[in-house]
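>>> sequence first, predicted coordinates after that:
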Amino acid sequence: MRTRGTGSNPHNRFQPIVTDRQVEDDWYQAPEDDLNPDSLATSVSEEMVKTIISRNQSPDVPFDQSINPYRGCEHGCIYCFARPTHAYWDMSPGLDFETRLIAKPNAPERLRAELDKPGYRCSAIALGVNTDAYQPIEKQRCITRQLLEVLLEYRHPVTIITKGALILRDLDLLSELAASGLCSVRVSLTTLDNDLKRRMEPRTAAPATRLRILRELTAAGVPAGIILGPVIPFVNDHELEAILDAAHDAGATRASWIMLRLPHEIAELFEDWLQRHFPDRASHVMNRIRDLRGGKVYDSTFGNRMTGQGPYAELIRQRFNRKARALGMNLHEAEPLRTDLFQRPGGQQLSLLHP
């Protein structure tokens, strides 16, 4: 069974010595079907963290607090912007990122400790931003569910982005949070094509399953929308309108989009992926990506990194906005999640301190 997103394990940018392990130690074998490498077992180590809430100051994302229960992600999305973070752990952003994971088993305990701090100010926490909180190992580890239980106990707002069907396991918690205006979910929907999904996001839920996630969340009273992205020139950009149609039919009332980003080692991984899966258009795709980034493979400038710039980026923006308006999506500002209900167990509600 071939279920990994990349066929390579390049050295990370902090590694001074490079060794080629592709053949010598059987780290992986060349795929016979030219699609995915042979399946590799997932190994999981544990990290006892001192803190669990990360603070964000980027103007490009709509949250200032986030929690990631895991490092690395089994989903294997070739384009994942979090891949380069594995370099900080002296591992490769390639196969290591998909197969050598780090779980944070004391995350619920540390979350409780941080929420109990006298100076803590309540604002929505984004759960699973770098790596999916509902990737396959969550089924056994249940760290995400435990975090949701803490957030519900404290009446704390939370947002979730996922492409994993396991989120439906936690409908009981999500619906209770949503009933008090404390939860919203965005499903990452990149394609409606099962074959492309298999190549691009091998261990994620199928497109039809993601639409079912939207329907079941909506039926349970959980506000749900989609993130359409990344938009990849000449790979999935032709699906933009069809994806919005399908999401709307499944109950999504809100949608946003993101252009492909290729920071650090992702550029090498993505170009290799293109050559293996779409050799006929690989150079065409990369040339358009450079057009979007001022002649470079990537531009980290705030305001441009999520959407790119130039005629193609403007065309995608116009197509998206026109279709979303026609469907009645994003017509009103999203109602903010409530922060006035935050309270510590056994303590007083802190609405006056946390407006």
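Good, I have the coordinates. Numbering: from 1, shown residues only.

>>> make it CA atoms for all contacts and neighbour counts henceforth
Will do.

>>> list the contacts for the closest residue to residue 149 other than its chain neighbours?
Residue nearest to residue 149 in three dimensions, not counting chain neighbours: residue 173, with 7.1 Å by C-alpha to C-alpha, 6 or more residues apart in numbering. By C-alpha atoms under 8 Å, 6 or more residues apart in numbering, the residues touching residue 173 are 148-149, 152.

>>> low-confidence regions, the stretch 1-150 of the chain specifically.
1-39, 58-62 (pLDDT under 70).

>>> need the residues that contact the longest strand anywhere in the chain.
Scanning the chain for the longest strand, with DSSP state E as the assignment, gives strand 224-231. Strand 224-231 is touched from outside by 79, 184-190, 214, 217-218, 237, 240, 243, 247, 251-261, with contacts defined as C-alpha under 8 Å, 6+ apart.

>>> what's the next secondary structure element after the helix or strand harbouring the residue nearest to residue 149?
Assessed by DSSP states H and E, residue 173 sits inside helix 171-179. Using DSSP H and E, the helix or strand that follows helix 171-179 towards the C-terminus is strand 183-188.

>>> strand partners (parallel or antiparallel) of the longest strand of the chain?
strand 183-188 (parallel), strand 254-259 (parallel) (DSSP bridges).

>>> let me see the mean pLDDT of the helix or strand that the first one is followed by.
What it means is strand 183-188. Sequence order places helix 194-200 as the next helix or strand after strand 183-188, per DSSP H and E. Mean per-residue pLDDT for helix 194-200: 95.

>>> hey, C-alpha coordinates of the helix or strand just after helix 194-200 in CSV?
Sequence order places helix 207-219 as the next helix or strand after helix 194-200, per DSSP H and E. Extracted in CSV, the C-alpha atoms of helix 207-219 (Å, rounded to 0.1, in the frame of the first residue of the first chain):
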residue,chain,number,x,y,z
PRO,A,207,-13.4,14.8,-0.8
ALA,A,208,-16.9,13.2,-0.4
THR,A,209,-16.1,12.6,3.3
ARG,A,210,-15.1,16.2,3.9
LEU,A,211,-18.4,17.3,2.4
ARG,A,212,-20.1,14.8,4.8
ILE,A,213,-18.1,16.4,7.7
LEU,A,214,-19.6,19.8,6.7
ARG,A,215,-23.1,18.4,6.6
GLU,A,216,-22.8,16.7,10.0
LEU,A,217,-21.2,19.7,11.7
THR,A,218,-23.9,22.0,10.3
ALA,A,219,-26.7,19.5,11.4
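
>>> who touches helix 207-219?
163-165, 167-168, 171, 175, 187, 189, 191-194, 197, 223-225, 246-247, 250-252.

>>> quick check: angle from that helix to strand 183-188?
The directions of helix 207-219 and strand 183-188 differ by 160 degrees, with axes from the mean of the first three to the mean of the last three C-alpha atoms, to 10 degrees as the criterion.

>>> pLDDT below threshold where in the stretch 251-355 of the chain?
303, 347-355.

>>> going along the chain, name the helices of it.
Shown for the stretch 251-355 of the chain, the helices assigned by DSSP state H, counting those that start in this stretch span residues 266-277, 282-292, 311-327.

>>> who does the longest one touch, helix- and strand-wise?
Okay, so that is helix 311-327. helix 240-249 (3 or more C-alpha pairs under 8 Å, 6 or more residues apart in numbering; DSSP states H and E).

>>> do that again at 10 Å, thanks
For helix 311-327, the contact count by 3 or more C-alpha pairs under 10 Å, 6 or more residues apart in numbering; DSSP states H and E identifies strand 224-231, helix 240-249, strand 254-259, helix 282-292 as packing neighbours.

>>> quick one: closest of those to residue 329.
strand 254-259 (5.3 Å; C-alpha to C-alpha).

>>> what's the distance between residue 91 and residue 144?
24 Å (C-alpha to C-alpha, to the nearest Å).

>>> more neighbours, the two?
Neighbours were counted for residue 91 and for residue 144 using other C-alpha atoms under 10 Å; residue 144 has more, 25 against 21.

>>> and that one, what element?
Using DSSP H and E, residue 144 falls in helix 143-153.

>>> fine, thanks again, bye for now.
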